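Colleague: sequence first, predicted model second:
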Amino acid sequence: MSIDQAYPAEVGHGAVPMADAAAAGPVRADWPLWEVFLRGKRGLNHVHVGSLHAADAEMALRHARDVYTRRNEGVSIWVVPTAAITASSPDEKDPFFAPSGDKVYRHPTFYDIPDSVPHM
Amino acid sequence: MSEEAAVVNGSPAVAELEQHFEDTVAHDRRIEPRDWMPEAYRRTMIRQISQHAHSEIIGMQPEGNWITRAPSLRRKAILLAKVQDEAGHGMYLYSAAETLGADRADLTQKLMTGAQKYSSIFNYPTLTFADVGVIGWLVDGAAICNQVPLCRSSYGPYARAMVRICKEESFHQRQGFELLMTMMRGTPAQRAMVQDAVNRWWWPSLMMFGPPDNESPNTAQSMHWRIKRHTNDELRQRFVDMTAPQAEALGVTLPDPELRWHPDRQHYDFGAVDWDELKRVVAGNGPCNAQRVTARRAAHEGGAWVREAALAHAAKQRARARQVAA
């Protein structure tokens, strides 16, 4: 039994050329990957929540709304092509982060101040 | 790591990376996408996450079957939202699988060709509207038992996806239980319909936790990697303990004559699961296996022209923008 006979209601809707699609077999038309960032509420930064596939930026925004904000999780969405992101090396021991490792004097606790000094 | 151990593992660099991975997992820290990880861990995670994603996507079908026939606008809106959530869960999970280097189109292909499986529970039919309620109560209840510990999976993107999913599953379970309570307050025929649905879904729900511990050879490795937190039998017992009092509150009988509270164990005893049935369904011989995969394939092929048109539209818009700029 062909697919359009087996599933007329679920996939047909009268608009989808089922017979042709079945004959042509699976067609690969991969949409590019986008990373999604949400601002949960005013006053917070956008935070990465995941990724999705979309043909263009506008569709990526719509899909991001449907996939990641079904319960008011966001008031603002950014979508960025995954290919456009440059990341640091994943290695925690990467010398890239070494400059901040040995500068304890950047932290307030480095400085001994007597307890008797108020408001410091 | 000693020199000796490093040499045994071949390359000192790999041995060191492996040690770092083991330490990270042992300290309950998370593995993130670009971290070094053993190939076996990567393969296992891709399989675990993608088969979970497939389950969410196929899981839309049994309930989707009732959207057009829901008895009221309220029930229709709820069911539509629930089925949309299942799609969303599938999307979170495919996204997590892609962080491991998997290709979404390839995973979809593997689902459609049967190279990868989905949860056997979705190979059972939804015969009445009471099935919608029972799926929410029992099937989503079992899923919650399975998924809550996975919020602490060692693989970061999977753990984060599970947190989102668990929040939403709670709605799924409660809407199901409320639906059943409403039917139980109805006519004798409606109450009989609920009992019939419970009879059909109870044992398949217990099978959702997988084979018994002594037949689950991968459990030890998965628990060592902290991608599984409890054994199948532990989770199954937890589910029975949670569900038995709920069945009492609802006024239905769970179809197991051996089910009773055991005061010494402080757990419910329950009868033996028919593991041959699970094997048959996993092997492809459940009531709806062929129908589920055929429908998934039909949706994929029927949607091909949409995916292609969207790409063509995007390309045209880009070309126009370039022309304007030139």
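Modeller: Done, it's in.
Colleague: what about the strands in the chain?
Modeller: This is for chain A. Assigned by DSSP state E, chain A shows strands spanning A:33-39, A:46-53, A:76-81.
Colleague: actually, chain B is the one I wanted.
Modeller: Counting by DSSP E, the strands of chain B are B:260-262, B:267-269.
Colleague: low-confidence regions, the chain specifically.
Modeller: By default, I'm working from chain A. A:1-29, A:90-94 (pLDDT under 70).
Colleague: chain B was what I was after
Modeller: If you take pLDDT under 70 as the line, chain B has these spans: B:1-12.
Colleague: residue nearest the centroid of it?
Modeller: With distances taken as Cα atoms, centre = their mean, the residue of chain B nearest its centroid is residue B:52 (4.4 Å).
Colleague: quick one: contacts for it?
Modeller: Contact partners of residue B:52, counting by Cβ atoms under 8 Å, 6 or more residues apart in numbering or on different chains, are residue B:93. (Each C-beta comes from the backbone N, C-alpha and C, glycine too.)
Colleague: quick one, which of the strands of chain B is nearest to chain A?
Modeller: Among the strands of chain B, strand B:267-269 comes nearest to chain A, with 33.9 Å by Cβ to the nearest Cβ.
Colleague: need the residues that contact the closest one.
Modeller: Outside strand B:267-269, the residues that reach it (Cβ under 8 Å, 6+ apart) are B:237, B:240, B:241, B:244, B:258, B:259, B:260, B:261, B:262.
Colleague: not counting sequence-adjacent ones, nearest residue to the first one?
Modeller: Of all residues beyond its chain neighbours, the one nearest residue B:237 is residue B:267 (5.7 Å), with distances taken as Cβ to Cβ, 6 or more residues apart in numbering or on different chains.
Colleague: check the last one too.
Modeller: Beyond its immediate neighbours in the sequence, the residue positioned closest to residue B:262 (Cβ to Cβ, 6+ apart) is residue B:269, lying 4.8 Å away.
Colleague: check the fifth one too.
Modeller: The spatial neighbour of residue B:258 that comes closest, neighbours along the chain excluded (Cβ to Cβ, 6+ apart), is residue B:271 at 3.8 Å.
Colleague: phi first, then psi, for that neighbour.
Modeller: phi -80, psi 180 (degrees, to the nearest 10).
Colleague: same deal with residue B:227?
Modeller: Dihedral angles (degrees, to the nearest 10) for residue B:227: phi -110, psi 0.
Colleague: ok, the one 4 residues further on next?
Modeller: As for residue B:231, its main-chain torsions (degrees, to the nearest 10) stand at phi -80, psi 160.
Colleague: look up how far residue B:294 lies from it.
Modeller: 35 Å (Cβ to Cβ, to the nearest Å).
Colleague: counting neighbours, what do you get for the residue nearest to residue B:262?
Modeller: 13 (other Cβ atoms under 10 Å in any protein chain shown).
Colleague: list the buried residues for stretch A:63-81?
Modeller: A:63, A:64, A:67, A:68, A:69, A:74, A:77, A:78, A:79 (16 or more other Cβ atoms under 10 Å in any protein chain shown).
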